[in-house]
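Colleague: got a predicted structure plus its sequence, pasted below:
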Amino acid sequence: MKVLFLTTNNFFKGSDGGNQYNYQNFSRLQTIFGQESVKAICFVKETEKQEIKENVRYFRENTARKVRLLSALTQRIYYDRQTEEQVLQYLRAEKFDCIVLDSLGGRWARIVKKDNPNTKILMIPHNCEKMYYRARMEKEGLHLLPLYLGVVKSERDVVCYADWMSVINERDQKQFEHEYGRKADLILPVSFADTFEKSKIHTGATKRELLFIGSLFAPNLDGIRWFVRNVMPKLPEYKLTIVGKGFEKERDALESDNVQVVGTVSDLSEYYYRYPAIVAPIRYGSGMKVKTCEALMYGKTLFASDESLEGYEVEGVKGIYRCNTPDEYVTEIQHFYEQENVPFFQPDVRALFMKKYANEVVQQKLQKSLKERVFHDYE
């Protein structure tokens, strides 16, 4: 069995949720079919150093914003015609039995099925891109319309040609069924490799400190800007620390007497262990938030919006507080820190992760579905 994981970015380097979700699924497929049997194609910027990785081929990404917007109408969102020809030569030479695509792989789906109808196509999207780009247009403007139209056409084609498809949560299941008339074969949620070490949990005196973790990504920036402007002024005795790749660029705009911006760090775990509570005030998006899953792994108290908790079965779990308005955040945060012994670890939160969102649990679901619905004879 020769399997190709073909996505529109370099998921070995990216730190955002989509990249992390792609990497997890690539690793799962290698476990299922064997490491040597599963290869990947990644697109990289012209100036980006291409890492030497076994079973990975790199092709040049189209980074010019104006060109990308226009080329989106032909579904070449991250690459040009020349790069496309190079990829096609590779596909035809290797003759893969199965190709895994996300929502932006519509052009590849059509070409692959035309070349060889027996090639299996698996669709593993990390959100419903149509809904995500619609939300982006509402926030950022109609200049994204060509990109939106190209994304919708691409996503529709992958759904049409896929032999098997997953979605990340129930919301996306309903959206795909409504928009494209197809139900997914499997709900494949975000998961995380368990790296938690209980001995590293901070046990010192508790300060009134809050932590936000996330890369400089439009929904993250929108959410934390809102939180800094609308919640932190009502919590003058608290301190918020913002950690995540690229956020140092927003230091001047976000910092104040009780807000500190750290930005990019080499190791996020030390912050998870050191802070009692995480805030996740994301207000729009699609799919599931990977940082929510990471917080669950560390057993952290979580003050989070509906969007940040989308897809997670968190109702009734001690240590998770659903907040959407400034007053809800203020009330829940103050109530939490009024405890005599503020916990740095929530056993129920950690138990939820182990039951629903640990890598091994999700891996078993994926393997079972593929065997039952696509590869009946594969052991």
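Modeller: Structure's in. What do you need? All figures in this text were calculated on a predicted structure; none of them were measured in a lab.
Colleague: and Met165, that one's in a strand?
Modeller: Yes - when classified by DSSP: H, G, I helix; E, B strand; the rest coil, Met165 is found to be part of a strand.
Colleague: buried ones in stretch 31-45, by neighbour count?
Modeller: 32-33, 37-44 (16 or more other C-beta atoms under 10 Å). Where you see a C-beta, it was placed from the backbone N, CA and C, and this is true even at glycine.
Colleague: pick the one among those closest to Tyr132.
Modeller: Phe43 (18.9 Å; C-beta to C-beta).
Colleague: which neighbours does the host helix or strand of the closest one have in its sheet, and in what orientation?
Modeller: In this assignment (DSSP states H and E), Phe43 forms part of strand 38-44. Partners of strand 38-44 in the sheet, by DSSP bridges, are strand 3-6 (parallel), strand 56-60 (parallel).
Colleague: mean pLDDT lowest for which of those strands?
Modeller: In terms of average pLDDT, strand 56-60 trails the rest of the strands paired with strand 38-44, at a mean of 78.
Colleague: ok, residues contacting it?
Modeller: For strand 56-60, the surrounding residues in contact (C-beta atoms under 8 Å, 6 or more residues apart in numbering) are 10, 12, 39-46, 50, 79, 83, 86-87, 90.
Colleague: so after the lowest-mean-pLDDT helix or strand in the chain, what's the next helix or strand?
Modeller: Every helix and strand in the chain was compared by mean pLDDT, DSSP states H and E; the lowest is helix 65-71, with a mean of 54. Downstream of helix 65-71, the next assigned helix or strand under DSSP H and E is helix 81-94.
Colleague: so what touches that next one?
Modeller: Helix 81-94 has contacts (C-beta under 8 Å, 6+ apart) with 2, 4, 6, 39, 41, 43, 57, 59-62, 76, 79, 99, 107-108, 111-112, 115.
Colleague: show the average pLDDT along that helix.
Modeller: 88.
Colleague: just checking: what are the partner strands of the helix or strand following that helix?
Modeller: For helix 81-94, the following helix or strand on the C-terminal side (DSSP H and E) is strand 98-101. Note on strand 98-101: by DSSP bridges, its sheet partners are strand 3-6 (parallel), strand 120-123 (parallel).
Colleague: Arg283: neighbour count?
Modeller: Neighbour count of Arg283, defined by other C-beta atoms under 10 Å: 17.
Colleague: once you drop chain neighbours, what's closest to Thr31?
Modeller: Computed as C-beta to C-beta, 6 or more residues apart in numbering, the closest residue to Thr31 that is not its neighbour in sequence is Gln363, at 6.4 Å.
Colleague: surely that neighbour is in a helix?
Modeller: Yes - the assignment for Gln363 (three-state DSSP) places it in a helix.
Colleague: avg pLDDT for the strand holding Phe43?
Modeller: Strand 38-44 carries an average pLDDT of 87.
Colleague: and the contacts of it?
Modeller: With contact meaning C-beta under 8 Å, 6+ apart, strand 38-44 is reached by 2-12, 26, 29-30, 50, 55-61, 78-79, 83, 87, 90, 94, 96.
Colleague: just the buried ones among the residues you listed, please.
Modeller: Buried, going by 16+ other C-beta under 10 Å: 3-12, 26, 29-30, 56-61, 78-79, 83, 87, 90, 96, out of the contacts of strand 38-44.
Colleague: one step back: out of the strands paired with strand 98-101, which comes closest to Phe344?
Modeller: Phe344 lies closest, by C-beta to C-beta, to one member of the strands paired with strand 98-101: strand 3-6, at 37.6 Å.
Colleague: let's have the strands paired with strand 38-44 in TSV, adding distance to Glu170.
Modeller: Below are the strands paired with strand 38-44 laid out as TSV (distance: least, C-beta to C-beta, whole Å):
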stretch	distance to Glu170
strand 3-6	25
strand 56-60	33
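Colleague: quick check: mean pLDDT of the host helix or strand of Gln260?
Modeller: Taking DSSP H and E as the definition, Gln260 sits inside strand 259-263. Taken as a whole, strand 259-263 has a mean pLDDT of 97.
Colleague: could you list the residues in contact with it?
Modeller: Strand 259-263 has contacts (C-beta under 8 Å, 6+ apart) with 228, 232, 239-251, 254-255.
Colleague: of those residues, which belong to strands?
Modeller: In this view, the contacts of strand 259-263 that belong to strands under DSSP state E are 239-243.
Colleague: would CSV of those residues with distance to Gly18 and pLDDT be doable?
Modeller: As requested, the ones in strands among the contacts of strand 259-263 are exported to CSV (distance: C-beta to C-beta, whole Å; pLDDT from 0 to 100):
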residue, distance to Gly18, pLDDT
Lys239, 31, 97
Leu240, 26, 97
Thr241, 25, 97
Ile242, 21, 98
Val243, 19, 97
